[in-house]
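Student: this one's structure only:
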Ligand code: BF8
Ligand code: SF4
């Protein structure tokens, strides 16, 4: 395997791409080397036109920016802006889904409906809405109004955060004054406080980062809840992962981005246009996923996963994609260059996300059917022009069992103990059959071989009986490596974990064990992990910071990943990252993130690029927490 990837399909495609002189992420990374040392340390600032200012890390040159900002201030300010960038993406996502709910409630979004009525009712009740005797539309209207307050409230606290944190944690965060009243407001506040001449106190700034990151967390909960209501709450289903899911004889369409409002429509319309595809000489229409929106349609409709972020160019380089339909976030502008080498159509859809050279078809909630119909017809037309001699589909695909929403996990556990579904899980944690749990989240990063840390660490943790949940590009990595099938439980799980997964799988009628990696969805669905952790904490009468749980974003890339990691830390969860974050230019900020945060929140960042060492560190964290709970550690079991 090369230093670029451990995915054999991407490896195969990279060799071909080199022959075809297709430029890739790795080529452009090489061209960037050596990267700027100021940037890597987070000690450059261009927040005003006095700048750019930079601090000499070797203490020989300037130690302050023109305005007097120190390295601590600059690093902390940059950190706030990074979290705000990530939170902005998620908050905009949440607002978009809410808009659709509002439109359905007022009869203006004909193409969308409520799919999970039970979830609508449950959420409404949890938000304090009286549902008895009210029609679905009435409940929806009130729900939309209540959720809209998350974007409007000028005083007080986000109700959503109250809903999704333990009482103890909520009080702690309120005491630290980091609970936002409204989500949008945190973006304004973050940009304001980090502009020239406002907040210079690094500690205050870091608390500001926590505040905007918590708004990010609330946005994820809103997105997951409302998407489940609209498209259905995922249930376990089988599918496949990796480039082998592309079909030579079919119209291949990749949905890429994050918004199920679009990808679900593409999947739906594709079924309706099968006949047109046959008339064009294709066996059918094959929709596949790239990045998070792939999870949205995998989890609900079984759409196979093609590639995660670093493999997106190689999916196009197969020459087998007739169209890539994209929306927002994590869509590399380079895709157009690769698409231009083939017949592949790159279709952008959102007014805020255009790519020069791509075809733009504006997608709105009102024209959803019509617009996606048009996009698929473009793909069918492109299929007719596909050059078969240029098609190369690597024959790698893995079976996966996905769709593990909280409801699905609780559903499976309730088959073991109908009166108290969480009891079997807790009992097995106490006994040590399950040592702890790890959430694998986050991206691919070109600085590390694609998927290597995800897969190596997951295998290491499974062997030690740590149950794994996954989302986003991490989920793709583990799916492609064959860790998401029931068979993987026999292959990779330690004895205790294997026994538990087998017993639950059998009781749930799955004809085999649960997979050792439970895929809970896209990055917005990291919210599902919080729900599980809080439910366990509530049951034990403790807070998340006491539980033997950790989160890993080993190949973190985006601002969103940093925002997610920061709220996870603030909820009491230790977070591992394998990329050195741009905070090391400030000893103070580095110390807060990696150590002081533990005293304040219980959670903290663990930076370790070596996968074997990272596993040891995470096991040590789990053991420390088990020991505090009076449970046996990995060495005593
Ligand atoms: O939200 S894991 S590279 S695809 S940011 Fe992006 Fe990172 Fe992938 Fe989805 Ni999440
Ligand atoms: Fe320089 Fe201060 Fe302006 Fe930043 S805000 S560019 S440190 S003068």
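Tutor: Happy to help now that I have it. Remember, it's a predicted structure, so these values are computed and weren't measured experimentally. Residues are numbered from 1 along each chain as shown. Ligands and ions are numbered 1, 2, ... in the order given.
Student: contact residues of this protein facing ligand 2?
Tutor: Contact residues, the chain versus ligand 2 (C-beta under 6 Å from any ligand atom): 45-48, 50-51, 53, 65-67, 69, 74, 196. All C-beta spots, glycine's among them, are computed from the backbone N, C-alpha and C.
Student: now, among these, which is nearest to residue 220?
Tutor: Distances from residue 220 to the residues of the chain next to ligand 2, taken as C-beta to C-beta, are shortest for residue 47 (27.7 Å).
Student: doesn't residue 195 make contact with the closest one?
Tutor: Yes: using C-beta atoms under 8 Å, residue 47 is in contact with residue 195, at 6.0 Å.
Student: tell me which of the two has more neighbours.
Tutor: In terms of neighbours (other C-beta atoms under 10 Å), residue 47 is the more surrounded of residue 47 and residue 195; the figures are 21 against 13.
Student: SS state for the more buried one?
Tutor: Secondary structure state of residue 47, per DSSP: H, G, I helix; E, B strand; the rest coil, is coil.
Student: ok, for it, nearest residue in space, not its chain neighbours?
Tutor: Using C-beta to C-beta, 6 or more residues apart in numbering and skipping the chain neighbours, the partner closest in space to residue 47 is residue 196 (5.4 Å).
Student: got it, and residue 535?
Tutor: Among residues not flanking residue 535 along the chain, residue 422 sits closest, at 6.2 Å (C-beta to C-beta, 6+ apart).
Student: ok, that neighbour - contacts?
Tutor: 410, 413, 535-536, 539 (C-beta atoms under 8 Å, 6 or more residues apart in numbering).
Student: of those, buried ones?
Tutor: 413, 535-536 (16 or more other C-beta atoms under 10 Å).
Student: any chance of those residues in TSV, plus secondary structure and pLDDT?
Tutor: TSV is the format used below for those (DSSP: H, G, I helix; E, B strand; the rest coil; pLDDT from 0 to 100):
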residue	secondary structure	pLDDT
413	helix	95
535	helix	94
536	helix	94
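Student: which one of the residues you listed is nearest to residue 554?
Tutor: Each of the buried ones among the contacts of residue 422 was checked against residue 554 using C-beta to C-beta; the closest is residue 536, at 23.6 Å.
Student: how about the closest one, nearest residue that isn't a chain neighbour?
Tutor: residue 547 (6.1 Å).
Student: where does the stretch 101-250 of the chain get nearest to ligand 2, which residue?
Tutor: Relative to ligand 2, the nearest point of the stretch 101-250 of the chain is residue 196 (3.8 Å; C-beta to the nearest ligand atom).
Student: try the stretch 351-500 of the chain
Tutor: Taking C-beta to the nearest ligand atom as the measure, the stretch 351-500 of the chain has residue 447 as its residue closest to ligand 2, at 26.3 Å.
Student: and the residue nearest to residue 535, what's its pLDDT?
Tutor: Residue 422 is assigned a pLDDT of 95 by the prediction.
Student: now do residue 107
Tutor: Residue 107 is assigned a predicted lDDT (pLDDT) of 88.
Student: let me know the secondary structure of it.
Tutor: Residue 107 falls in the coil class when you classify it by three-state DSSP.
Student: what about it, how many residues nearby?
Tutor: Residue 107: 8 surrounding residues under other C-beta under 10 Å.
Student: for residue 140, see how far away it is.
Tutor: Note on residue 107: its distance to residue 140, by C-beta to C-beta, to the nearest Å, is 11 Å.
Student: for the stretch 101-250 of the chain, what lies in contact range of ligand 1?
Tutor: Residues of the stretch 101-250 of the chain lying near ligand 1 by C-beta under 6 Å from any ligand atom: none.
Student: mind listing the strands for the stretch 101-250 of the chain?
Tutor: When secondary structure is read from DSSP state E, counting those that start in this stretch, the stretch 101-250 of the chain shows strands at 237-241.
Student: check contacts around the residue nearest the centre of the chain.
Tutor: Residue closest to the average C-alpha location in the chain (C-alpha atoms, centre = their mean): residue 523, at 1.7 Å. Shown in contact with residue 523 (C-beta under 8 Å, 6+ apart): 220, 258, 292, 441-442, 471-472, 560-561, 564.
Student: look at residue 304 and report its pLDDT.
Tutor: At residue 304, the model reports a pLDDT of 98.
Student: and the residue sitting furthest away from the middle of the chain, helix, strand or coil?
Tutor: The centre of the chain is farthest from one residue, residue 60, which by C-alpha atoms, centre = their mean lies 41.3 Å away. Here residue 60 is coil, with the state taken from three-state DSSP.
Student: ok, residue 299 next?
Tutor: Following three-state DSSP, we place residue 299 in the helix state.
Student: now it. Nearest residue, chain neighbours left out?
Tutor: Excluding its sequence neighbours, the residue lying closest to residue 299 (C-beta to C-beta, 6+ apart) is residue 234, at 3.8 Å.
Student: what about the residue of the stretch 351-500 of the chain closest to ligand 2, which helix or strand?
Tutor: Using DSSP states H and E, residue 447 sits within no helix or strand.
Student: just the pLDDT for the closest residue in space to residue 447 that isn't next to it in sequence.
Tutor: The shortest distance from residue 447 to any residue other than its chain neighbours is 6.1 Å, reached at residue 579 (C-beta to C-beta, 6+ apart). Residue 579 carries a pLDDT value of 97.
Student: same question for the one 4 residues further on.
Tutor: pLDDT, the model's per-residue confidence, is 98 for residue 583.
Student: tell me how many other residues surround it.
Tutor: 26.
Student: that one belongs to a helix?
Tutor: No: counting by three-state DSSP, residue 583 falls outside a helix, being coil.
Student: residue 113 - how many residues pack around it?
Tutor: 11.
Student: what of residue 130?
Tutor: Number of residues near residue 130 (other C-beta under 10 Å) recorded here: 10.
Student: with the one 3 residues further on instead?
Tutor: Residue neighbour count, defined by other C-beta under 10 Å, stands at 6 for residue 133.
Student: just the one 5 residues further on next, same as before
Tutor: Here the number of neighbours of residue 138 (other C-beta under 10 Å) works out to 14.
Student: give me the pLDDT for it.
Tutor: Per-residue confidence (pLDDT) for residue 138: 97.
Student: returning to what we had before: may I ask which of the residues of the chain next to ligand 2 has the most neighbours?
Tutor: Ranking those using other C-beta under 10 Å puts residue 74 first, with 30 neighbours.
Student: just confirm that residue is within a helix.
Tutor: Yes: counting by three-state DSSP, residue 74 is found in a helix.
Student: what about it, distance to residue 208?
Tutor: From residue 74 across to residue 208, the span is 14 Å (C-beta to C-beta).
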